[in-house]
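Participant: Sequence unavailable; structure follows:
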């Protein structure tokens, strides 16, 4: 169980987004409210963002320390301004190492990806199965050994297969594929995912059997005008909407929100 | 607020002491029960131990990661056996860096020292005052900038002044000196301390004004026969004794326990 | 012996400055050419920069890893553009810890500072003497235990005393003070320093007795037009000027260079 | 190119083995003499050792820092005494992350393994091929993404297939398999390997086309009596024997040395 945060809208400083909210991602790292497993999110963190003016690959900053102990992030957060940010604090699944290679967001070309959830007994169940379905490109893009990174590889594969269709379709196909594999091997899967190309956010709240982890969105709040935020836990008191379970949420460039059941 | 643990008795493996107890120091790092400030102890940790056969300087192992994320400690814990161990998990006071230099146990010659507590606004209040009282040797032995390390330097100074008297006296004089300084500068001090030369444990439960942090001892428990354990929180259900507030607890080589009010 | 690098001029990306040159700071970390002691600069590194548009405090990024092993710096370097940058790779003096607190650049308000050199046997010689001269503000601003950070504190003190005079004077007074102290205590001092407020660079090449470490400048090179670079070693083949020994070099906003003997 | 060190013989302290020699592994990390690629070995290190009295799994200690910057290793080295030690300092192949998962020695049950060498363009050439040959057990035992760890998995597979034959045979079959794969995919392979079960050392000096990296042994030297040392570079002036290229060297419990061509 990790805690996710994504932002799309008018340019915002990372400081305003990450540090200022009362129940910020920093606070969620040591005092989360809606964790269904684990008690803290202190196994590293990561932030990914897109350049406000230039059309380049996104940027990431990662560390294996608890987010509150990183001495560089406050500086970086004062400096970076972006229209599109993905961030997460990690609660590592037992047996999945703390290494940088396991730190999200994962990146492939223009895409950033964060995942909260798990594949039950991943190493012994779907690890090899998923790898065997991957094209060389996506196979070799995997650097760590988390279930999350393998789900991202599945998503990239589906995006390639469905390249003339909207990205929501790739995410839906990924979750269906994963769900099918999970059923066949009698394991549970949960997959709260947010991914982006810098222009849109596509998210899911999904679990194969158990209740899905929490996920919320908020649009056009006065402290974050002209924006949509998606987060595992509300960052402050406000009119947050709980994403329906087993749904896909997509946020367009004008911050309009579409929700579809999977 | 950190969590302290000290052991004196028949040789024990670190694994048995650190990992096996139900409410072990590892568990106390992410789910402590009696913290009066802070919520987790994930700002590094340290273990110090004495050789079972050889009369050499003690050994320390420290890291700035949360104790549960250290991949070497399980190996080390299987390997090390000792009659005298001091360990702690850290909850850093705001403004005191995560650096290794600030990781306890602190060591000087044969002595190891751990501290749970604080000097209020240390950098602005007693930092320079304490340093100005130190002999060159103890002044230059300070590597970090925590209140804890400066209290250790005070204790070493008192031990030098009172070298022909028992070490309890040095600890008492340190706490009185500290308390006086605190009163003069109108700041609060709390000082749960455990220090050792490998043959005895000397501890304090002390606070200048507020209630002192918790501290317990347990003697000759079946899972740790012929031993005394002192700990911020009981490691398992058992007949733990709460140390009286503002007292000094000393444990001799035969594990007998003396308690005196300060 | 560390390796220093400073840039003042038209906005440059960190990537262009840090990674692109043939004998870049990255290369100087594992294969320096003009070190007079030590063989590599792999004991951490740091970069400081000023915002191109906003008049805010500068930003720093530091790590205790060798610069070539930092996975975040390539991202940061693609993102950051600045008119004024200070960077360094560290070769730690024996006995001075690797901790973040000892990583340069050091910062106070608008000022950044980097130092290559040493005070001989610092902990046993000038450490306490320097601290005793400092006002509370500069005393408490010291977080680590390097000679470098204490020299910065001396410089800040001189800048406060000489606040109505140009910063070159503060640097000169600092070096004279240091040199006097060194003579009295019969120790050697060397101090290649670069500091900045974001608008100018002030540097010194200085040693009390031995030859001073190397330092060069280059102005208006085609790959870095409208700029001045100061560096411990030339970054590429070009018309680099060796700074005279025991001199102060100052670079103004129009990149003109003044050199004065100390 | 990394630097390897293995010891078998009468109990030795790690301090004596790792720190004391004039051209120790510590010195080889910043100033190696016989590297054929790379200039330093500062990308982490690891030590593995067996208990002198107890028949348990071996112990490892690893870090991603340069070996000279680890503050715990000096303590550990004073404490640990062993009859069988494997150690290495890493020079990471470009593109293979610094992560702990990539730190050697690798361990499986009673076996420790270190490797100096490379598979050319590993990720794009033999990575997936090797994985596809592995049984689930060895497949899931892989935590990182180095060529080294995959060669260890191949060796474990061969040891399982050849379990009734001496371990030299497993190593020979591994090198032949690797060499065949390399030929088919037109890539170079070099594999200086040392592995152990705590009772014997089995090593290879091997390269498919280019000259093999250096490897030496020394037996019964006065400073290490009743022992055999195998090392990438001689630790001190002495009667070191260069291992023949493309040979397997095995050291028995009585420290006798057998050499066979592959």
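Facilitator: That came through, no problem. Here the structure is a predicted model, which means the values were calculated and not measured.
Participant: could you measure the most far-flung residue of chain A relative to its centre against residue A:147, distance?
Facilitator: Here chain A reaches farthest from its C-alpha mean at residue A:184, the gap being 25.8 Å by CA atoms, centre = their mean. As judged by CB to CB, to the nearest Å, residue A:184 and residue A:147 stand 16 Å apart. The C-beta positions use only the backbone N, C-alpha and C, and glycine is treated the same way.
Participant: And residue A:67, by the same measure?
Facilitator: 21 Å.
Participant: Next: residue A:177.
Facilitator: Residue A:177 sits at a distance of 14 Å from residue A:147 (criterion: CB to CB).
Participant: These two - which one has more neighbours?
Facilitator: More crowded of residue A:177 and residue A:147, by other CB atoms under 10 Å in any protein chain shown: residue A:147, with 24 against 17.
Participant: That one touches residue A:102, doesn't it?
Facilitator: No. Judged on CB atoms under 8 Å, residue A:147 makes no contact with residue A:102 at a distance of 10.1 Å.
Participant: Give me the packing partners of the lowest-mean-pLDDT helix or strand in chain A, helices and strands only.
Facilitator: Between all helices and strands in chain A, the lowest mean by mean pLDDT, DSSP states H and E belongs to helix A:136-141, at a mean of 93. Applying 3 or more CB pairs under 8 Å, 6 or more residues apart in numbering or on different chains; DSSP states H and E, one finds that helix A:136-141 makes contact with helix A:147-161, helix D:127-132.
Participant: could you redo the last one with a cut-off of 7 Å?
Facilitator: Using 3 or more CB pairs under 7 Å, 6 or more residues apart in numbering or on different chains; DSSP states H and E, the elements in contact with helix A:136-141 are helix A:147-161.
Participant: Contacts for stretch A:119-137 next, please.
Facilitator: Residues outside stretch A:119-137 that contact it (CB atoms under 7 Å, 6 or more residues apart in numbering or on different chains): A:95, A:139, A:147, A:150, A:153-154, A:157, A:181, A:185, A:187-189, D:139-140.
Participant: How about stretch A:102-118?
Facilitator: If you take CB under 7 Å, 6+ apart as the criterion, stretch A:102-118 is touched by A:1-4, A:44, A:46, A:48, A:57-58, A:60, A:62, A:64, A:86, A:88, A:90, A:93, A:96, A:141, A:144-149, A:151-152, A:155-156, A:190-198, A:213, A:232.
Participant: go on, stretch A:142-162?
Facilitator: Contacts to stretch A:142-162, defined as CB under 7 Å, 6+ apart, come from residues A:96, A:99, A:101-102, A:104, A:106, A:108, A:113, A:115, A:118-119, A:122, A:127, A:130, A:133-135, A:138, A:141, A:167, A:169-171, A:173-174, A:177-178, A:191, A:195, D:97, D:143, D:145.
Participant: quick revisit: buried ones in the least confident helix or strand of chain A, by neighbour count?
Facilitator: Using 16 or more other CB atoms under 10 Å in any protein chain shown as the test for burial, helix A:136-141 gives A:138, A:139, A:140, A:141.
Participant: quick one: it to chain centroid distance?
Facilitator: 20 Å (CA atoms, centre = their mean, to the nearest Å).
Participant: what's the answer for stretch A:84-97, then?
Facilitator: 9 Å.
Participant: pLDDT averaged over that stretch, what's the number?
Facilitator: For stretch A:84-97, mean pLDDT rounds to 90.
Participant: Can you get me the start-to-end distance on that stretch?
Facilitator: Criterion CA to CA, to the nearest Å; first-to-last residue distance in stretch A:84-97 is 29 Å.
Participant: Over to stretch A:57-68?
Facilitator: End-to-end distance for stretch A:57-68, by CA to CA: 27 Å.
Participant: so residue A:241 bridges to which residues?
Facilitator: Residues in a beta bridge with residue A:241, per DSSP bridges, are residue A:217.
Participant: doesn't residue A:217 make contact with it?
Facilitator: Yes. Under the criterion of CB atoms under 7 Å, residue A:241 makes contact with residue A:217 at 5.4 Å.
Participant: With neighbour numbers in mind, choose between these two.
Facilitator: Higher neighbour count among residue A:241 and residue A:217: residue A:217, with 20 against 14, using other CB under 10 Å.
Participant: Could you give the number of residues near residue A:185?
Facilitator: The tally of other residues near residue A:185 (other CB under 10 Å) stands at 15.
Participant: and the nearest residue in space to it that is not next to it in sequence, how many neighbours does it have?
Facilitator: Leaving aside its chain neighbours, residue A:185 sits nearest to residue A:125 (5.0 Å; criterion: CB to CB, 6 or more residues apart in numbering or on different chains). Neighbourhood size, residue A:125 [other CB under 10 Å]: 20.
Participant: so how far is residue D:51 from residue A:125?
Facilitator: 35 Å.
Participant: What pLDDT is listed against residue A:73?
Facilitator: pLDDT, residue A:73: 97.
Participant: how much space between it and residue B:44?
Facilitator: For residue A:73, the distance to residue B:44 (CB to CB) stands at 18 Å.
Participant: The two: which has the busier surroundings?
Facilitator: Ranked by neighbour count (other CB under 10 Å), residue A:73 and residue B:44 place residue B:44 first, with 27 against 22.
Participant: OK, contacts around the more buried one?
Facilitator: Residue B:44 makes contacts with B:62, B:63, B:64, B:65, B:90, B:98, B:103, as judged by CB under 7 Å, 6+ apart.
Participant: can you tell me which of these lies nearest to chain C?
Facilitator: residue B:98 (7.3 Å; CB to the nearest CB).
Participant: Can you report how many residues neighbour the closest one?
Facilitator: Using other CB under 10 Å, residue B:98 has 22 other residues around it.
Participant: next one: the one 3 residues further on
Facilitator: If you count neighbours by other CB under 10 Å, residue B:101 ends up with 24.
Participant: Isn't it up against residue C:100?
Facilitator: No. Residue B:101 lies out of contact with residue C:100 (CB under 7 Å); the separation is 9.7 Å.
Participant: ok so, going back, among the contacts of stretch A:102-118, which are located in strands?
Facilitator: Taking DSSP state E, the ones among these that sit in strands are A:3-4, A:46, A:48, A:60, A:62, A:86, A:88, A:190-196.
Participant: So residue A:240 sits against residue A:232, correct?
Facilitator: No. Under the criterion of CB under 7 Å, residue A:240 makes no contact with residue A:232, lying 11.1 Å away.
Participant: of those two, who's got more company?
Facilitator: Set side by side, residue A:240 and residue A:232 show more neighbours around residue A:232, with 28 against 18, by other CB under 10 Å.
Participant: Please tell me how far the more buried one sits from chain D.
Facilitator: 26 Å (CB to the nearest CB, to the nearest Å).
Participant: measure the closest residue to that residue other than its chain neighbours to chain B for me?
Facilitator: Once flanking residues are discounted, residue A:232 sits nearest to residue A:3: 4.4 Å by CB to CB, 6+ apart. Separation of residue A:3 from chain B (CB to the nearest CB): 15 Å.
Participant: Show me what the closest residue to residue A:67 other than its chain neighbours bridges to in the sheet.
Facilitator: Among residues not flanking residue A:67 along the chain, residue A:45 sits closest, at 4.0 Å (CB to CB, 6+ apart). In this entry, residue A:45 is beta-bridged to residue A:63, residue A:89, by DSSP bridges.
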